[in-house]
Structures are given as C-alpha cells and as structure tokens.
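K.L.:
Structure of the sequence below:
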Amino acid sequence: MSRSVLVTGGNRGIGLAIARAFLEQGDKVAFTYRSGEPPKELVDAGALAVRCDITDSAQVDAAYKEIEEKHGNVEVLVANAGVTKDQLLMRMSEEDFTSVLDTNLTGTFRVVKRANRGMLRAKKGRVVLISSVVGLLGSAGQANYAASKAGLVGFARSLARELGSRNLTFNVVAPGFVDTDMTQALTDEQRAGIVAQVPLGRYAQVEEIAGVVKFLTSDDASYITGAVIPVDGGLGMGH
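P.N.:
Predicted coordinates:
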C-alpha cells in the first residue's frame, strides 16, 4: 500500500533524490522547502510541496496539518533539512553556532515530535535522520555542523529505546562526500583532495544515499532501529 512520506529539505541534492525514490515506488510524498520554487519534476510527479522553515514550530505544525489533510498521517519521516555556516572556532560567532544547531538538531526535534503524534496513534512509524560522516569524524572549521550532526545520533538512539515498544523505528544515515551542487562548486584541486581520503576513490551519488534510506523504511529493515549506517565510501570506518 502507498504510504504517506515526508522528506524535509526535499527540494535539492540528497533530499530531492530521496523524495524521487519514494515517488518511484508509489508512495504519497510530501516535501518541505524553505525558499525559492519547488522542483518542477517532483511537483509534476505528484509530490506535495510545502513551504516550511523548520526553525519555526508554528510553520512545522501548519505543514503537518496540510500534509495530514491531503495524504493522511505521516508514516515515514526523513529528516534531511540542514544548513552549514563553516568557520574556524576563533572566528565563529555565537549566532553561527546556535543557528546551525537550531536548524539541524532542534529543527529535527520539531519535525520528529510532530510526526510522533500520528505514529503513536497508528502504532507504527519509520523515522530516518540524515546525519553526516563529519558528525562522527569531526572536521576543522565545522564545529557547529559536526556537533549538530553528532547530536542526531544520540537523539535517534534515545527515541529508539523510548518508542521501540510502539513499533516505531529510528535510524541514522551518515553520508560522506556526495556529488551535489555544493561539491561541484569546488575546484578540481579541492575535489581531488577530498577523493584521495576516500577508500573507494570517488564521491557518492545522491541515489546511493536514497537507496539506503528506502531500505531502512522497508519491511526488510523492520528489525533495525537505533542504527547508524555510514554511506561514505569507507571514509569514516571504525567510527
């Protein structure tokens, strides 16, 4: 049966690929975007585009009400929306730090808590949080981003213990370097330096991240919860 799926930050990159993957298997997909116009390919394929800034609880609640009205209670949540404000610690302002945590970590809290209402009533639900290899390895100039992404691991594992008896699963996907618009903007020298750190010797494709997310929400993964799945070409092995 077609499920009600929500992907936050589904308008580009990894989120777009995840939304596309669920649409292709026949699910009812809603995705949030914060600014600009939603991608035409998703809208034309039947996805529900919902403008929402996940740092605003009122906007999160309004987004869920719209989705519930059109698709029913969210059964699968992929918390993907995130931001970066990279800076060395000595130059990082408090706002640089707190704003990244407010979106990446507290924003995830907001969307998960709101989804929880319908999932508890239904006594089933799948939640996947998109973290990063940086949250496990650390990265110079990304103390704020790494802290926010590491926090998702503790958040997911706590909820896996808290709500496992209600047939809800919480898992984390930790991508490494992914071929997106952001990484394509790097110089050839920068890209080569990154690839040199990866045992598989290449960037991930967004579809490879989406495939793991799709697996974690499938019946084949019904006994997996509290897991952190690296999709990083071996970059963070052992972490």
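K.L.:
other SSEs contacting the longest helix along the chain?
P.N.:
In the chain, with assignment by DSSP state H, the single longest helix is helix 143-163. Helices and strands touching helix 143-163, by 3 or more C-beta pairs under 8 Å, 6 or more residues apart in numbering; DSSP states H and E, are helix 94-101, helix 107-122, strand 125-130, helix 134-137, strand 168-175. For the C-beta atoms, the positions are set from N, CA and C on the backbone; glycine is no exception.
K.L.:
I'd like the distance from it to the chain centre, please.
P.N.:
Averaged C-alpha coordinates place helix 143-163 at 12 Å from its chain's average position (C-alpha atoms, centre = their mean, to the nearest Å).
K.L.:
same question for the helix or strand containing residue 20, mean pLDDT?
P.N.:
If you go by DSSP states H and E, residue 20 is part of helix 13-24. Confidence for helix 13-24, expressed as mean pLDDT, is 97.
K.L.:
just stretch 156-174 next, same as before
P.N.:
98.
K.L.:
right, so of the helices and strands packed on helix 143-163, which gets closest to residue 76?
P.N.:
strand 125-130 (4.7 Å; C-beta to C-beta).
K.L.:
Which elements pack onto that closest one?
P.N.:
So strand 125-130, by 3+ C-beta pairs under 8 Å, 6+ apart, packs with strand 76-79, helix 107-122, helix 143-163, strand 168-175, helix 206-216.
K.L.:
And the helix or strand bottoming out on mean pLDDT in the chain, how far out from the chain middle?
P.N.:
Across the helices and strands of the chain, mean confidence by mean pLDDT, DSSP states H and E is lowest for helix 181-184: a mean of 75. Centroid separation for helix 181-184 versus its chain: 18 Å, with C-alpha atoms, centre = their mean.
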